[in-house]
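Asker: return atomic coordinates for the entry below.
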Amino acid sequence: MHALNHHVIIVNSCSVSQIKSFIVIMSYRNFIRHFNRNIRLIKPTTNKLIKFENNARLLHHQQKHQPEILNVPETKVSTISNGIRVVTEDSGIPTCTIGLWIDAGSRYETPENNGVAHFLEHMAFKGTQKRTQMQLELEIENMGAHLNAYTSREQTVYYAKCLQNDIKNSLDILADIIQRSKFGKEEIERERSVILREMQEVENNLQEVVFDHLHDVAFRDTPLGMTILGPIENIQRINRNDLISYINTHYKGPRIVVAGAGGTHHDQIVELVDFYFGEMDRDASNIRPEPCRYQGGDVRLNDPSMNLIYGALAVEATGWINADNIVLMIANTLIGSWDRSLGGGFNSFSYLAQTSMQKDLCNSFQSFNTCYKDTGLWGVYFIGDKTKTNSFIQHLIQQWQQLCTDVTEEELERAKNLLKTNMMLQLDGSTQICEDIGRQMLCYGRRISSIEIESRIDSIDLDYFKKICQQYIRNRRPVLAIVGPTDSIESYDHIEQSMKW
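Answerer: Next up is the predicted model:
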């Protein structure tokens, strides 16, 4: 549910806009010279596998899926001499998505420069040493392509959606943007104003406010507790040197994945990446992100003039590479979501949805599972009347307890099937697949196929599911963030005590 801050050039209108989104972002003469010289130390990646787990239960469920692997495009991985990984999946269609996934986001900032990664993303399309902003936009429009960028807490992404024949030009543009942006003074001041207006928009988006405060309380005084946009005082003083320093520090070869999906030819893309990005520095030894400690607690932004409570209650979850994440994804699906305006809920397998509908506990709720590399937040975001919020929180905790004790085989299988369906639907298109490739390579160091994910979901039995849920729920310290008329909301100590049974 963490916010992604997008910056996109839409070529059919040649306009620039900022896009906010949950849950889930580029000279022919040089080209000829490239093919007349040797590629520098391009080699296939050994692709060491970071396993969630590797036990008999998983291997048993993998066997029945083996024939289906024939229907999945092969993932090809190579690493060029400076450590940049090139990962492609060729599905044979005439369009593709190609882009850079960089291990650089607000988590890698300090309190002094918090917001610089997002500021840098805003400056991406404001002109380079080769292209003015107008030339950049016109070139993209002439290709009929879309150029996009966004920043999250752990990643910065630049990618293009284009025709297969325009991959070379798209990579040329992407390389130009991240290596030769001008960062002119006028452009910086203009984007500073844009970001300050964006900050005002975020402050009016109560869901964004709740999740920013939820992270602040959960990971207080650590980088994950900082916002993506940064504080207003940082935005007002970020300058060209700050932007260049961040690039020089974090845009290193081993921290970059070039991912391509759709109509992609792996060997061609590897050669192009080596040509356009081969001079980037490979030394990332000085980057040591600070560990993020979960603390829990609560924050209450009291505003008696508001009619509704906006809040989120969560517990510490697992990071991407932990095997327990599969169980929490299933549990997250079991809780699901509900919205009064959409009706339903009576026949839902979610206890919380049923009781919310029957007892009018809230206007809506949405379960979320936000993962980072080594930690995460699993909980429920809700909107409701102040007189019903205490009851909703207690029923939410009851739902958590039921996950540990009362889930049936039928409910578990239904949630597993729904999770598999939702995950497949999220990979409908080259951009979504490219996103998945980039994130997985940065988090796991390898591509995890949909077949393997399905096998891992199928391997979870009822006893194991309940056991893992207990580890993350029972006697755990929750985190609560609420905005609105909060005076009547029960104390944090009372809520924490309810987690003990």
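Asker: you'd agree K76 is in a helix?
Answerer: No. Counting by DSSP: H, G, I helix; E, B strand; the rest coil, K76 is not found in a helix; it is strand.
Asker: surely Q426 and Q432 touch.
Answerer: Yes. Using Cβ atoms under 8 Å, Q426 is in contact with Q432, at 5.9 Å. Glycine gets a C-beta too; all of them are placed from N, C-alpha and C.
Asker: if I look at C162, how far off is T264?
Answerer: C162 sits 11 Å away from T264, going by Cβ to Cβ, to the nearest Å.
Asker: shared neighbours of these two, anything?
Answerer: C96, I98 (Cβ atoms under 8 Å, 6 or more residues apart in numbering).
Asker: and N417, that's in a helix?
Answerer: Yes. Per three-state DSSP, N417 lies within a helix segment.
Asker: next, count neighbours for it.
Answerer: Neighbours of N417 under the rule other Cβ atoms under 10 Å: 13.
Asker: same question, M423
Answerer: The burial count for M423: 16, using other Cβ under 10 Å.
Asker: do you know how far it is from N417?
Answerer: For M423, the distance to N417 - Cβ to Cβ - is 11 Å.
Asker: ditto for K386
Answerer: 37 Å.
Asker: now do A259
Answerer: Applying Cβ to Cβ to A259 and N417 gives a distance of 29 Å.
Asker: what do you get for I326?
Answerer: 14 Å.
Asker: likewise for Y246?
Answerer: Y246 sits 44 Å away from N417, taking Cβ to Cβ as the criterion.
Asker: and for V86?
Answerer: With Cβ to Cβ as the criterion, V86 and N417 are 35 Å apart.
Asker: below-threshold pLDDT in the stretch 1-150 of the chain: ranges please.
Answerer: Scanning the stretch 1-150 of the chain with the threshold set as pLDDT under 70 gives 1-71.
Asker: let's see that with 90 instead.
Answerer: Along the stretch 1-150 of the chain, the parts satisfying pLDDT under 90 run over 1-73, 124-125.
Asker: quick one, strands of it?
Answerer: Under the criterion DSSP state E, counting those that start in this stretch, the stretch 1-150 of the chain contains strands at 5-10, 15-20, 43-44, 75-79, 85-90, 95-102, 146-151.
Asker: the last one pairs with which strands?
Answerer: What that stands for is strand 146-151. When sheet partners are counted by DSSP bridges, strand 146-151 sits next to strand 5-10 (antiparallel), strand 156-163 (antiparallel).
Asker: and if you look at the longest one?
Answerer: Partner strands for strand 95-102, per DSSP bridges, with pairing direction: strand 156-163 (antiparallel), strand 256-262 (antiparallel).
Asker: using CSV, write out every CA atom in the shortest one.
Answerer: Pointing back at strand 256-262 there. Extracted C-alpha coordinates of strand 256-262, given in CSV (Å, rounded to 0.1, in the frame of the first residue of the first chain):
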residue,chain,number,x,y,z
ILE,A,256,20.7,-1.8,-11.5
VAL,A,257,18.6,-4.3,-13.3
VAL,A,258,17.6,-3.7,-16.9
ALA,A,259,14.4,-5.7,-17.4
GLY,A,260,12.5,-6.3,-20.7
ALA,A,261,9.3,-8.1,-21.4
GLY,A,262,7.2,-8.6,-24.5
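Asker: give me the mean pLDDT for that strand.
Answerer: Per-residue pLDDT over strand 256-262 has a mean of 97.
Asker: and the angle for that strand with strand 85-90?
Answerer: 10 degrees (axes from the mean of the first three to the mean of the last three Cα atoms, to 10 degrees).
Asker: and the angle from strand 256-262 to strand 75-79?
Answerer: Going by the same axes, to 10 degrees, strand 256-262 makes 150 degrees with strand 75-79.
Asker: the closest residue in space to R255 that isn't next to it in sequence: neighbouring residues, count only.
Answerer: Excluding its sequence neighbours, the residue lying closest to R255 (Cβ to Cβ, 6 or more residues apart in numbering) is D103, at 3.9 Å. D103 has 23 neighbours, counted by other Cβ under 10 Å.
Asker: just to check, D103 is in contact with Q155?
Answerer: Yes. The criterion here is Cβ under 8 Å, and D103 meets it with Q155 at 6.7 Å.
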